[in-house]
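Participant: turn this into a model:
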Amino acid sequence: MKMGIAGPILSKCCHVRLVGMLFLILPLVSTAQLKVANYFSNNMVLQRGQPIEFWGYGKPGSRVIVEWVGFKKVSKTKRNGEWSVLFDPMEAGGPYTLRIEGGDQKKVFTNILVGDVWICSGQSNMEFSLRRSKDAMKEINESELNDLRFTTVPTTFSRDPQDTLKKALSWQVSGRQSSPFFSAVGYTFGKELNKDLDVPIGLIQSAWGGSSVKVWMPDEAMSIDPKLVEKRTELRTIDIEKYYNEFKQKRRRAIVAVDQGTSEEWWRTSTDLSEWKEIFLPTDWRSSGDEILASNIGVVWFKREVEPVRSGKTNFLVISDPQERIDVYFNETKLDPINANEASNLIYMIDAGLINSDGNWLTFRMNFLKENSGFKSMSEFYITDGSVSSPVHGIWNYKIGGILENPLPKSWLKKECLAALYNYMIHPLTRYPIKGVIWYQGESDSDSPDTYDDYFKAMIRSWRIQWDLGEFPFLFVQLAAFENKDDWAAMRDAQAGALTLPNTGMAMALDVGNPNDIHPKDKKTVGYRLSRVALEKAYQKDIVGSGPIFKNVSFDGNIAMVSFSKIGDGLITDDEYGYLKEFELAGNDRKFYPAQARIVSPEMVQLKSPEVTKALYVRYAWKNAPDSNLFNSEGLPTVPFKTD
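Facilitator: Residues are numbered from 1 along each chain as shown. Here you go, the predicted model:
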């Protein structure tokens, strides 16, 4: 059985969690009126050099006292209950403590740093976790970095812009227990910046696989295209939350219909496990080693014998952030979470009367839905009585209950529901000052490169307007090599169009792609290259952050001389004979032929082709998955281009 990398990591975790358990349970019985905007938490990073605003809600007309770095400020809640206080900008530093008091309620946030905050957004290649990436174990074991912090926005949507998130964010300090499940690109980007700048770095992941640029554009950006305006007007008449809930209900009913486990009552303690396989939990299905779980839609059952902390006493089961519906059975009794709508950590009460003295069984029933299914976090997976904890991670028995042979059509929410992801996953963050954005997206729009250029630029402009922080750095990844039916060469060109906007930068992934995998595993190189772009663009360091960029070309018969900028100390190739690949020449008929290419000076490449008598046009790496090999002295690949 393939267990991935979770085993050796998890063996070191699950210490006693009395404090964590109390933190989770107490809000269930609290009637407190004082609320703090739910992106504030312990371990957070606040943006240096910007005014620091703390805000939230309370009883209208009440006083809220905020204490921060030795200063106290008082706010009176407005008629709608909102309160806010503003403190002066600060230099990088910490750790600090934030204290907020309203009436008889107090909130304390600790281990806060001031540094640079970056949004990590886009689709699945930005979501792609560190634990799934190349050399994952090595990176995770080296991830104990106190000055690197991160948090993840839950993936959901809204028809209208939201001021707050539905669930509180939980900032985490980078380490072996937290880093495996964060964006691999984001993690490397932040790690490199922290190393180079010696400044705390905070990363907010807000990405969703399969999403189009259109769903990340706010209403104001739709004016770029009358068709978008018309469609957005139509969508305003649709209750998309209701639509999505109905879609999920239909899918769940379809899954139940094929579930052998439900019909055969696999929750029974007498269930025969002789044909069940083994798996290490918690894990996400893509890392499970089971291709059925990773690439299908259906339902899976898990079963394991467990030892409650203490018989004769009420116990609690804590499961951290399951990514899909989960049904839990203790022995043969189905348990309901006591905090289903309160937190990502689900808590189940195990009544003392359910606990046997001669053996107890825990059973899970979970849907698997191809992407983002399973468990993202391993930090909370245990049984406790409130004072002592017993981990339940490890080897479980499992069996597929059923697979949908003809799955329902995919929801159009992430592709066509304009503004839906912006409204929930970005808009609530626009009150939280940031340094900039890194973006990895475009795969879902590769069928429409003709509109992507305008849409992408409109999105960047609109995000800058919404944050009201000026033209903050917006850095993005150009698509990696991948063979498919769409024109990825044109899509890369459309992405590069955003470089005409001020303070934008592009990192190349062309040479670290996999022609047969839309999710290449080398995310370290991509994150590193983004950090180089950031150092050049956002921090004005004297480095070359980009690969060579086409500058100009001159023609003489069948010979073309192409010059480049961003060469560093000069152009190089990894070919031992100096042969350059993926250059093409064309004449007046615009029919392109492979060109013989070689470097003739630090910034110049000479091309010629016997098939072209009079060269007029040149292309480089203009394919879905080119095997290009021209770099600058920094080892950064040349940006694809065409002159026709």
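Participant: and the strand ranked longest in the chain, which strands flank it?
Facilitator: Longest strand of the chain, by residue count under DSSP state E: strand 105-122. Using DSSP bridges, the strands paired with strand 105-122 are strand 45-47 (parallel), strand 93-102 (antiparallel), strand 201-207 (parallel), strand 436-440 (parallel).
Participant: give the rounded mean pLDDT of the third one.
Facilitator: Pointing back at strand 201-207 there. Averaging pLDDT along strand 201-207 gives 97.
Participant: check the shortest one too.
Facilitator: Mean pLDDT, computed over strand 45-47, is 98.
Participant: let the chain start at 27 from now.
Facilitator: Shifting the count to begin at 27 puts that one at strand 71-73.
Participant: mind listing the helices for the stretch 177-326 of the chain?
Facilitator: Applying DSSP state H, counting those that start in this stretch to the stretch 177-326 of the chain gives helices spanning 210-223, 252-261, 266-283, 286-289, 317-321.
Participant: for the longest one, packing partners?
Facilitator: Other elements packing on helix 266-283 under the criterion 3 or more C-beta pairs under 8 Å, 6 or more residues apart in numbering; DSSP states H and E are strand 323-332, strand 386-395. All C-beta spots, glycine's among them, are computed from the backbone N, C-alpha and C.
Participant: about what we covered before: tell me the gap between the longest strand of the chain and the middle of its chain.
Facilitator: Chain-centre distance of strand 131-148: 17 Å, with C-alpha atoms, centre = their mean, to the nearest Å.
Participant: go on, stretch 288-297?
Facilitator: Chain-centre distance of stretch 288-297: 37 Å, with C-alpha atoms, centre = their mean.
Participant: for the nearest residue to Glu431 once chain neighbours are set aside, give its distance to Arg624.
Facilitator: Excluding its sequence neighbours, the residue lying closest to Glu431 (C-beta to C-beta, 6 or more residues apart in numbering) is Val284, at 7.9 Å. Val284 sits 60 Å away from Arg624 when distances are taken as C-beta to C-beta, to the nearest Å.
Participant: next up, the contacts around the residue nearest to Gly583 when sequence neighbours are not counted.
Facilitator: Among residues not flanking Gly583 along the chain, Lys640 sits closest, at 6.3 Å (C-beta to C-beta, 6+ apart). Residues counted as contacts of Lys640 (C-beta atoms under 8 Å, 6 or more residues apart in numbering) are Phe581, Gly583, Asn584, Gly613, Asn614.
Participant: any chance of those in a markdown table, plus pLDDT?
Facilitator: Shown next, in a markdown table, are the contacts of Lys640 (pLDDT from 0 to 100):
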| residue | pLDDT |
| --- | --- |
| Phe581 | 97 |
| Gly583 | 94 |
| Asn584 | 93 |
| Gly613 | 96 |
| Asn614 | 95 |
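Participant: which among those end up buried?
Facilitator: Phe581, Asn584, Gly613 (16 or more other C-beta atoms under 10 Å).
Participant: how many neighbours does Ser289 have?
Facilitator: Ser289 has 12 neighbouring residues, counting by other C-beta atoms under 10 Å.
Participant: just to revisit the earlier point, nearest to Tyr554 among the buried ones among the contacts of Lys640?
Facilitator: Phe581 (36.9 Å; C-beta to C-beta).
Participant: before we move on, the earlier item: go ahead and confirm the residue nearest to Glu431 touches Ile429.
Facilitator: Yes. The criterion here is C-beta atoms under 8 Å, and Val284 meets it with Ile429 at 6.7 Å.
Participant: tell me, what's touching the two both at once?
Facilitator: Counting by C-beta under 8 Å, 6+ apart, the common neighbours of Val284 and Ile429 are Gly324.
Participant: state the distance from Asp473 to Gly573.
Facilitator: Plainly put, Asp473 is 26 Å away from Gly573 if you go by C-beta to C-beta.
Participant: again, but for Gly107
Facilitator: Distance of Gly107 to Gly573, computed by C-beta to C-beta: 52 Å.
Participant: so the two - more neighbours on which side?
Facilitator: Gly573 (27 against 15).
Participant: how near is the more buried one to Phe500?
Facilitator: With distances taken as C-beta to C-beta, Gly573 is found 19 Å from Phe500.
Participant: among the buried ones among the contacts of Lys640, which one sits closest to Glu304?
Facilitator: Nearest to Glu304 among the buried ones among the contacts of Lys640: Gly613, at 63.5 Å, using C-beta to C-beta.
Participant: that closest one contacts Asp670, doesn't it?
Facilitator: No. Contact between Gly613 and Asp670 fails when scored by C-beta under 8 Å: they sit 10.6 Å apart.
Participant: between those two, which contacts overlap?
Facilitator: Tyr643.
Participant: output the helices and strands packed on helix 266-283 in a markdown table; the columns should cover mean neighbour count and distance to Phe508.
Facilitator: Shown next, in a markdown table, are these (neighbours: other C-beta atoms under 10 Å; distance: least, C-beta to C-beta, whole Å):
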| stretch | mean neighbour count | distance to Phe508 |
| --- | --- | --- |
| strand 323-332 | 21 | 23 |
| strand 386-395 | 22 | 23 |
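Participant: for the most centrally placed residue in the chain, give me its contacts.
Facilitator: Computing the C-alpha centroid of the chain and ranking residues by C-alpha atoms, centre = their mean puts Glu153 first, at 3.1 Å. Listed by C-beta under 8 Å, 6+ apart, the contact partners of Glu153 are Ser209, Gln231, Ala233, Trp234, Gly235, Asn398.
Participant: and with 6 Å instead?
Facilitator: Contacts for Glu153 were tallied using C-beta atoms under 6 Å, 6 or more residues apart in numbering; they are Ala233, Gly235.
Participant: okay, the closest residue to Lys193 other than its chain neighbours: pLDDT?
Facilitator: Using C-beta to C-beta, 6+ apart and skipping residues adjacent in sequence, the residue nearest Lys193 is Pro180, 5.4 Å away. Pro180 is assigned 90 on the pLDDT scale.
Participant: quick one: low-confidence ranges for the protein?
Facilitator: Scanning the chain for pLDDT under 70 picks out 27-58, 366-370, 396-398, 402-406, 432-438.
Participant: helix, strand, or coil at Val90?
Facilitator: Using DSSP: H, G, I helix; E, B strand; the rest coil, the secondary structure recorded for Val90 is strand.
Participant: again, but for Arg518
Facilitator: In three-state terms, and counting by three-state DSSP, Arg518 is helix.
Participant: got the contact list for it?
Facilitator: Residues near Arg518 by C-beta under 6 Å, 6+ apart: Gln504, Leu505, Pro666.
Participant: what about the helices in the stretch 477-626 of the chain?
Facilitator: Ranges of helices within the stretch 477-626 of the chain are 514-522, 549-563, based on DSSP H, counting those that start in this stretch.
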